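Enquirer: one predicted model, sequence on top.
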Amino acid sequence: MATGRMNQLLVMVNLCSSVVEGIEHLMAFKENDRLKEDTVTGLLTLEESLKGFMADKSVIHETKWMAQVIKTRLFVYDQEFKNRLYRWYFSALKELRNLMTAEVERCPVCSGKGETHYGAVLYMEDEDADQYVLEPVRVFMKCRDCGNYYLAREESRLVNRKKGAHRTKVRCERLLADIGEFAAEGTMLFIGEERSPLYKEARKAGYHPQAMSLEEAGGQMEGVKKAYRIVLIDRISRTQDLKLILTQAAEYLAEDGILWFDGPDLDKSIKNLEKKGASMWKGEVAEVCLTDRGIEALAEKCGLSIRSYRHVGTASGRIEVIAQKKE
């Protein structure tokens, strides 16, 4: 799952294309007030979004100029204007590409600069055509500032992503028992999918979980929030908005509430790679991996205190965390 900022950049790319198509239509059919209004709105939206990303000032200025001349009709639909339109379009796309590159390298926890930590390369040969493919399919970054590890690139077109392994009934019961040591009963906010085995087992255990998707948890919170005794986040490692979701989830905690989440154990995965040759890219993709040091740093940045965490699993390890809001 991409970050919210990356999704916004993708929307901006599509908006650029829509704006150009709108202006091209205006050049062919000049009297279309509704289309003109939509085009101007799109350009002004792009201008504000580019400012939010602190994009190149020349691109922002040209976007604003384009909106003004379309709005006031202070231009002639001639070849000179057409050339300027396409110059703006290609410069805007280039700037958005640069912003996307920077976003890929940006740590989703502290916004620090990342460096490549591990890359999985796919090699395939075609004996008949005497050709081969050698391309990175996954690249994991490590933040220089907070030590967080995160996925920066995945080429799903080359390798079919495996479906994630479902939590077994036994494992669900065990982790719910762990939660029960801190909160045996009470209201529960379940951030994840209702079809998840963990959600179903939580209901069987006597909880009454209120479901919320990861996308909703990372969105803008409005109005009065209900307080929950337990907030459980299922598969949080599928999003790079880890810090945002943990911070937002903590806002739903009651005064003595607990927050549970888990993620892949990076140190365990690396050891499997070194000892067994078990390639990380063959398993389910994880946008963010956890380490002992990283958990402490993450909790500090999200205003949480760690009550308990444990390493589980033998083949592919995970780290399970129970935390509370700092007093």
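Expert: That came through, no problem.
Enquirer: how about the strands of the stretch 1-150 of the chain, start to end?
Expert: Secondary structure of the stretch 1-150 of the chain (DSSP state E, counting those that start in this stretch): strands located at 114-126, 131-143, 149-154.
Enquirer: mean confidence score for the first one?
Expert: What strand 114-126 shows for mean pLDDT is 68.
Enquirer: what does the second one give?
Expert: The average pLDDT for strand 131-143 rounds to 68.
Enquirer: quick check: chain neighbours aside, which residue is closest to Tyr149?
Expert: Excluding the flanking residues, the one nearest Tyr149 by CB to CB, 6 or more residues apart in numbering is Cys289, at 4.5 Å. Where you see a C-beta, it was placed from the backbone N, CA and C, and this is true even at glycine.
Enquirer: any idea how far the one you found lies from Leu9?
Expert: 24 Å (CB to CB, to the nearest Å).
Enquirer: distance between the longest helix anywhere in the chain and the chain's centre?
Expert: Assignment by DSSP state H gives helix 79-105 as the longest helix of the chain. With CA atoms, centre = their mean, to the nearest Å as the basis, helix 79-105 stands 24 Å off its chain's centre.
Enquirer: residues contacting the closest residue in space to Tyr207 that isn't next to it in sequence?
Expert: Closest residue to Tyr207 apart from its sequence neighbours, by CB to CB, 6+ apart: Met188 at 4.6 Å. Residues near Met188 by CB atoms under 8 Å, 6 or more residues apart in numbering: 202, 207-210, 228-232.
Enquirer: switch the cut-off to 7 Å
Expert: 202, 207-210, 228-230, 232 (CB atoms under 7 Å, 6 or more residues apart in numbering).
Enquirer: show me which of those residues is closest to Arg73.
Expert: Gln210 (52.7 Å; CB to CB).
Enquirer: what is the burial count for that closest one?
Expert: Neighbourhood size, Gln210 [other CB atoms under 10 Å]: 14.
Enquirer: likewise for the one 4 residues further on?
Expert: A count of neighbours around Leu214, defined by other CB under 10 Å, yields 19.
Enquirer: next one: Ala249
Expert: So Ala249, with other CB under 10 Å, has 25 neighbours.
Enquirer: before we move on, the earlier item: ChimeraX command for the buried members of the contacts of Met188?
Expert: Applied in ChimeraX, the following selects the buried portion of those according to 16 or more other CB atoms under 10 Å:
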select :202,207,209,228,229,230,232
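Enquirer: now the contacts of Met188 in JSON lines, please, with extra columns for distance to Lys94, pLDDT and secondary structure.
Expert: Converted to JSON lines, the contacts of Met188 look like this (distance: CB to CB, whole Å; pLDDT from 0 to 100; DSSP: H, G, I helix; E, B strand; the rest coil):
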{"residue": "Ala202", "distance to Lys94": "48", "pLDDT": "91", "secondary structure": "helix"}
{"residue": "Tyr207", "distance to Lys94": "51", "pLDDT": "88", "secondary structure": "coil"}
{"residue": "His208", "distance to Lys94": "52", "pLDDT": "86", "secondary structure": "coil"}
{"residue": "Pro209", "distance to Lys94": "46", "pLDDT": "91", "secondary structure": "strand"}
{"residue": "Gln210", "distance to Lys94": "45", "pLDDT": "91", "secondary structure": "strand"}
{"residue": "Tyr228", "distance to Lys94": "46", "pLDDT": "92", "secondary structure": "strand"}
{"residue": "Arg229", "distance to Lys94": "51", "pLDDT": "92", "secondary structure": "strand"}
{"residue": "Ile230", "distance to Lys94": "48", "pLDDT": "93", "secondary structure": "strand"}
{"residue": "Leu232", "distance to Lys94": "43", "pLDDT": "94", "secondary structure": "strand"}
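Enquirer: just send the contacts of Met188 back as CSV, with distance to Asp38 too.
Expert: As requested, the contacts of Met188 are exported to CSV (distance: CB to CB, whole Å):
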residue, distance to Asp38
Ala202, 46
Tyr207, 48
His208, 46
Pro209, 42
Gln210, 39
Tyr228, 42
Arg229, 48
Ile230, 46
Leu232, 43
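Enquirer: quick check, nearest of the contacts of Met188 to Gly147?
Expert: Nearest to Gly147 among these, with distances taken as CB to CB, is Leu232, at 25.7 Å.
Enquirer: helix or strand for the spatially closest residue to the closest one that is not a sequence neighbour, which one?
Expert: Nearest non-adjacent residue to Leu232, counting by CB to CB, 6+ apart: Trp260, 4.8 Å away. Trp260 is part of strand 253-264, with elements assigned from DSSP states H and E.
Enquirer: same thing with Ile295?
Expert: Per DSSP H and E: helix 292-301 holds Ile295.
Enquirer: in the sheet, who's paired with Val231?
Expert: Leu189, Leu259 (DSSP bridges).
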